[in-house]
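Visitor: the following comprises the amino acid sequence and a computationally predicted model.
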Protein chains: 2
Amino acid sequence: MSDLQVLAVHGLGEIVAGDDLGELIAAAAADRPGLADGDVVVVTQKVVSKAEDAVVAVDPDVPMSHKPLVEEQSVRVLRRRGDLIISETRHGFVCANAGVDLSNVERGTAALLPHDPDRSARRIRDHLRNRAGVTVGVVISDTFGRPWRRGVTDVAIGCAGIAAVVDLRGTTDALGRELQVTEVCVVDEIAAAADLVMGKALGVPVAVVRGLPAQWLRPSSVASEVVRSPAEDLFR
Amino acid sequence: MSDLQVLAVHGLGEIVAGDDLGELIAAAAADRPGLADGDVVVVTQKVVSKAEDAVVAVDPDVPMSHKPLVEEQSVRVLRRRGDLIISETRHGFVCANAGVDLSNVERGTAALLPHDPDRSARRIRDHLRNRAGVTVGVVISDTFGRPWRRGVTDVAIGCAGIAAVVDLRGTTDALGRELQVTEVCVVDEIAAAADLVMGKALGVPVAVVRGLPAQWLRPSSVASEVVRSPAEDLFR
């Protein structure tokens, strides 16, 4: 497996409803870092939600005015503590406030998760293929907390053209012994790597991960491959 | 924030008890990729456990012979299903089988987690400074599952000379609005990025992450900064 580069894409500008993200990303990345076949383009949820108009008005003078939205966006509430709600979204993601987010959006508005992030990723991928002539993978990332460990990390909420989970079952480890741990969620690792160059406060919502194994570049879906069904989940 | 490189370190060879990992890493990395001030060296738990002799005998002909070890290494069992035990280790990590692992170790043995992975990281860091003359961060990584999402990812179980959690509290987002999500667990993102070049089955247990912000290179600890106390945890 070869070395990897994680490259920030600057100059995307402020995204508004109706923007064609594929076109804007192609333009912003054209000069630097460029885009090449086999790259994986990581796009943060916030700009996808803005482009898709998944942004709603909230009263900026009422601190908890987005809470009814959180209830509405939740199909099941797992935990409540104070203002914090950990719930399951329609997509099957378990996260704080059902992904409803007031940061990096205009005052008086809240961003919701994209309706179908896998489809958002496919659309960006198709545009990049059609207009920039490159065959890339696309990951839509968001920032989630997790139990037992402090601090948030970026994970994938949608993908296209890149494996979500790579199955190493049946392959052997370096000592010829069959591997026990088998399925690696590479899209989450890609989202995490991208976050290291995006930075939360710097307004860099797109990064390119270059050098991933070619065999990982295949049709895939976060919704169907990463979301664990309640039946096989020990913590729901 | 600048671009990032994730570089595999090849040629470390098979690690045995008593090996000086700092020296071996310095030798393996000397030629390619080299080591430079500000690099972060990610080392997988397995080679640390081997070097520190945190490996014990199990009966290779009895499939569940490591299970008493799992009980012994657990301070609290959170869930059991079939052969799977999710438990909390002495360190405060919540993971499958208390980190007891049969892969990538010789048949008839099981690797335990290092006794104090933060100290393991500090020791490697000190050796690299003293013998290779470079000031780097060090992360000890391991492969954990997580609730709600399928597939494993690599996370940090120890670190030295690199911030575990970066606090963005009080800084503002790109629109000048105070950020809500504030503490990013960058060591987990670094471990995840490194795993993308290490691959589970390829016997590459060390990678170098180059290009992280200089201000993240500071004394830190996974045990005290990443492990969430039971009192503030909603899922224990």
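Guide: Alright, I've got the coordinates.
Visitor: only C-alpha atoms for contact and neighbour calcs from this point on.
Guide: Will do.
Visitor: gap between the residue nearest the centre of chain A and residue A:82?
Guide: Closest to where the C-alpha atoms of chain A average out (Cα atoms, centre = their mean) is residue A:141, at 1.6 Å. As judged by Cα to Cα, to the nearest Å, residue A:141 and residue A:82 stand 27 Å apart.
Visitor: for residue A:73, same thing?
Guide: Taken as Cα to Cα, the span from residue A:73 to residue A:82 is 18 Å.
Visitor: likewise residue A:13?
Guide: Applying Cα to Cα, the value for residue A:13 to residue A:82 is 36 Å.
Visitor: same check, this time on residue A:163
Guide: Residue A:163 sits 38 Å away from residue A:82, taking Cα to Cα as the criterion.
Visitor: who's more crowded, those two?
Guide: Applying other Cα atoms under 10 Å in any protein chain shown to residue A:163 and residue A:82 shows that residue A:163 carries more neighbours, namely 23 against 5.
Visitor: longest strand in chain A, please.
Guide: Across chain A, the longest stretch assigned as strand under DSSP state E is strand A:149-160.
Visitor: mean confidence for that one?
Guide: For strand A:149-160, mean pLDDT is 97.
Visitor: next, see if the longest helix along chain A gets close to chain B.
Guide: As assigned by DSSP state H, the longest helix anywhere in chain A is helix A:117-132. No. If you take Cα under 8 Å from any Cα of the partner chain as the test, helix A:117-132 misses chain B, and the best it gets is 15.6 Å.
Visitor: report the distance from that helix to the chain centre.
Guide: Chain-centre distance of helix A:117-132: 14 Å, with Cα atoms, centre = their mean, to the nearest Å.
Visitor: contacting residues around that helix?
Guide: If you take Cα atoms under 8 Å, 6 or more residues apart in numbering or on different chains as the criterion, helix A:117-132 is touched by A:21-23, A:26, A:48, A:114, A:134-140, A:157-161, A:221-223.
Visitor: 7 Å - rerun?
Guide: A:21-23, A:26, A:134-140, A:157-160, A:221-222 (Cα atoms under 7 Å, 6 or more residues apart in numbering or on different chains).
Visitor: tell me the angle it makes with strand A:149-160.
Guide: With axes from the mean of the first three to the mean of the last three Cα atoms, to 10 degrees applied, the angle from helix A:117-132 to strand A:149-160 works out at 50 degrees.
Visitor: following the chain past helix A:117-132, name the next helix or strand.
Guide: With elements assigned by DSSP states H and E, the helix or strand that comes after helix A:117-132 is strand A:137-146.
Visitor: next, see if that following strand gets close to chain B.
Guide: No. Judged by Cα under 7 Å from any Cα of the partner chain, strand A:137-146 stays clear of chain B, getting no closer than 8.3 Å.
Visitor: wait, does the helix or strand bottoming out on mean pLDDT in chain A contact chain B?
Guide: Here the helix or strand of chain A ranked lowest by mean pLDDT, DSSP states H and E is strand A:166-167, holding a mean of 90. No. Using Cα under 7 Å from any Cα, strand A:166-167 stays clear of chain B, with a minimum separation of 8.1 Å.
Visitor: quick check: the residue nearest to the centre of chain A vs residue A:206, distance?
Guide: From residue A:141 across to residue A:206, the span is 10 Å (Cα to Cα).
Visitor: got any residues that touch both of those two?
Guide: Common neighbours of residue A:141 and residue A:206 (Cα under 7 Å, 6+ apart) are A:42, A:43, A:44.
Visitor: list the contacts of the residue lying closest to the first one once chain neighbours are set aside.
Guide: It refers to residue A:42. Closest residue in space to residue A:42, ignoring its immediate chain neighbours: residue A:139 at 4.7 Å, by Cα to Cα, 6 or more residues apart in numbering or on different chains. Counting by Cα under 7 Å, 6+ apart, residue A:139 makes contact with A:41, A:42, A:43, A:121, A:156, A:158, A:159, A:160, A:187.
Visitor: okay, and the beta partners of the second one?
Guide: With DSSP bridges as the criterion, the beta-bridge partners of residue A:42 are residue A:139, residue A:207.
Visitor: doesn't residue A:207 make contact with it?
Guide: Yes. The criterion here is Cα atoms under 7 Å, and residue A:42 meets it with residue A:207 at 5.2 Å.
Visitor: how many neighbours does the nearest residue to residue A:19 once chain neighbours are set aside have?
Guide: Distance criterion Cα to Cα, 6+ apart; nearest residue to residue A:19, sequence neighbours excluded, is residue A:51 at 5.1 Å. Counted with other Cα under 10 Å, residues neighbouring residue A:51 total 19.
Visitor: any idea how far chain B is from residue A:100?
Guide: Separation of residue A:100 from chain B (Cα to the nearest Cα, to the nearest Å) stands at 11 Å.
Visitor: what's the pLDDT at the closest residue to that residue other than its chain neighbours?
Guide: Distances taken as Cα to Cα, 6+ apart put residue A:112 closest to residue A:100, at 4.8 Å, once the chain neighbours are dropped. Per-residue confidence (pLDDT) for residue A:112: 97.
Visitor: and residue A:201, by the same measure?
Guide: Note for residue A:201: predicted pLDDT of 61.
Visitor: before we move on, back to that, got the contact list for the residue nearest to the centre of chain A?
Guide: Residue A:141 neighbours (Cα under 7 Å, 6+ apart): A:42, A:43, A:44, A:45, A:154, A:155, A:156, A:157, A:191.
Visitor: please report how far it lies from residue B:45.
Guide: Residue A:141 is 27 Å from residue B:45, where distance means Cα to Cα.
Visitor: residue A:190 too?
Guide: Distance of residue A:190 to residue B:45, computed by Cα to Cα: 21 Å.
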